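# With the sequence up front, the predicted model follows.
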Amino acid sequence: DAEITQSPRHKITETGRQVTLACHQTWNHNNMFWYRQDLGHGLRLIHYSYGVHDTNKGEVSDGYSVSRSNTEDLPLTLESAASSQTSVYFCASSPGTSSTGQFFGPGTRLTVL
Amino acid sequence: GENVEQHPSTLSVQEGDSAVIKCTYSDSASNYFPWYKQELGKRPQLIIDIRSNVGEKKDQRIAVTLNKTAKHFSLHITETQPEDSAVYFCAASKPGGFKTIFGAGTRLFVKA
């Protein structure tokens, strides 16, 4: 069955380290999104992509980067992890034909010490 | 900028009662309004959606209403059950783009 996966599911790192969170979907969706979820803030958009080689900044993009080299993957990189980036990160995807709901991955819990 | 406000932040109801969650959006160009349910420790999942050319949509015990003039939309859950306990998110997106703005969420408790 088609799915969307994230890895790792849990990560503990230290301040200043570079961290990459993986997201892989097998639906062949054009659109992919990264969100962070913090108590009281709901889901905040970090970066998104509408297709290969397309990337866009969301509302909380500072300190994060993404690249889209193929349809299936949108890795999220924290260039220099900060304690404020401790959060749960969700990747999501949706078809590129019209506005539709998004399919979310299982999430990655990141702790920056 | 684009904004979606959601109320209440917490809602507690007795099993069998109805629950209503309300959202307001700021961008009048928004035309797609999904609702997501997130159980504890799980991923958000789409439960119902509505487009701007429709005023109401129903799926068994859940329904969504949209008032474009007032830029309000609401989720209604009837005959609530303990398994309805979760965080519910409303969201809005505009035509031509797929970026979605989420509300802050409502934590629903259904007491048995």
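Yep, that arrived. The structure displayed is predicted, hence computed values, not measured ones.
# List the buried residues in the worst-scoring helix or strand of chain A on mean pLDDT.
Each helix and strand of chain A was given a mean pLDDT (mean pLDDT, DSSP states H and E); the minimum falls on strand A:42-51 at a mean of 92. The neighbour-count criterion (16 or more other CB atoms under 10 Å in any protein chain shown) identifies A:G42, A:L43, A:R44, A:L45, A:I46, A:H47, A:Y48, A:S49, A:Y50 as the buried residues of strand A:42-51. Quick note: C-beta positions are derived from backbone N, CA and C, even for glycine.
# Would you enumerate the residues in contact with the closest residue to the fifth one other than its chain neighbours?
By that I understand A:I46. Leaving aside its chain neighbours, A:I46 sits nearest to A:W34 (4.3 Å; criterion: CB to CB, 6 or more residues apart in numbering or on different chains). For A:W34, the contacting residues are A:21, A:23, A:45-48, A:58, A:64, A:66, A:74, A:76, A:89-92, taking CB atoms under 8 Å, 6 or more residues apart in numbering or on different chains as the criterion.
# in the sheet, who's paired with A:W34?
On DSSP bridges, the residues paired with A:W34 through beta bridges are A:H47, A:C91.
# B:V64 now?
Taking DSSP bridges, one finds B:K57, B:L75 as the beta-bridge partners of B:V64.
# Next, see if the lowest-mean-pLDDT helix or strand in chain B gets close to chain A.
Comparing helices and strands within chain B by mean pLDDT, DSSP H and E singles out strand B:100-102 as the least confident, with a mean of 90. Yes: where contact is defined by CB under 8 Å from any CB of the partner chain, part of strand B:100-102 touches chain A, namely B:T100, B:I101, B:F102.
# For these, give me TSV that also has neighbour count.
Compiled in TSV, these are given as follows (neighbours: other CB atoms under 10 Å in any protein chain shown):
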residue	neighbour count
B:T100	28
B:I101	23
B:F102	22
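# From those, pick the one nearest chain A.
B:F102 (4.3 Å; CB to the nearest CB).
# List the residues that contact the closest residue to B:F109 other than its chain neighbours.
Excluding the flanking residues, the one nearest B:F109 by CB to CB, 6+ apart is B:S12, at 4.4 Å. With contacts taken as CB under 8 Å, 6+ apart, B:S12 has the following neighbours: B:L108, B:F109, B:K111.
# that older thread, average pLDDT for the helix or strand just after the least confident helix or strand of chain B?
Sequence-wise, the next helix or strand downstream of strand B:100-102 (DSSP states H and E) is strand B:106-111. Strand B:106-111 shows a mean pLDDT of 96 in the predicted model.
# again with stretch A:3-10
For stretch A:3-10, the mean per-residue pLDDT is 96.
# Can that stretch be said to contact chain B?
No: counting by CB under 8 Å from any CB, chain B has no neighbours in stretch A:3-10; the shortest distance is 8.9 Å.
# Please list the residues outside that stretch that contact it.
The contact list for stretch A:3-10 (CB under 8 Å, 6+ apart) reads A:21-27, A:89-93, A:103-109.
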